[in-house]
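*Asks:* structural data only, the sequence is not supplied:
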């Protein structure tokens, strides 16, 4: 169901699997977010650079094209330190190793696949609300 927290907020979804991307787009649009998409880290970085209105990046951890969601987050956080990330992983061995790195990164959280739509949207809402309350930019 739509909520008040999402009004006026934009989410960038970075996902290479078309069916997963479609579910994520529908999930966030249904809850009232404006959604932009990219299918790899390079596309995510480019979309972020051309859309300063992005409030949060929802990305798969393992992406095609040589860069992970964490590498994308590092690049974007250097440019805009207050950017929020919710990274998604299926808990592969590579995913587990990469997740260890997120513990030292500000504004980066993770959620496991398969994820519950309500849990994801509540987490995103909370992350954006917390940023507004603390004034992180």
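*Replies:* All right, it came through fine. Note that the structure is predicted; figures quoted are calculated from it, not measured.
*Asks:* ranking helices and strands of this protein by mean pLDDT, which lands last?
*Replies:* helix 93-102 (a mean of 57; mean pLDDT, DSSP states H and E).
*Asks:* give the next helix or strand downstream of that helix.
*Replies:* Sequence order places strand 108-112 as the next helix or strand after helix 93-102, per DSSP states H and E.
*Asks:* what angle separates the very next helix or strand once past that following strand from strand 108-112?
*Replies:* With elements assigned by DSSP H and E, the helix or strand that comes after strand 108-112 is helix 117-134. Helix 117-134 and strand 108-112 are oriented at 170 degrees to each other (axes from the mean of the first three to the mean of the last three Cα atoms, to 10 degrees).
*Asks:* now helix 117-134: buried residues?
*Replies:* 120, 121, 123, 124, 125, 127, 128, 131 (16 or more other Cβ atoms under 10 Å). Every C-beta, even on glycine, is put in place using the N, C-alpha and C of the backbone.
*Asks:* what about the one residue sitting closest to the centre of the chain, distance to residue 106?
*Replies:* The central residue of the chain, meaning the one whose C-alpha is nearest the mean C-alpha position (Cα atoms, centre = their mean), is residue 58 at 1.6 Å. With distances taken as Cβ to Cβ, to the nearest Å, residue 58 is found 17 Å from residue 106.
*Asks:* fine by me, thanks again.
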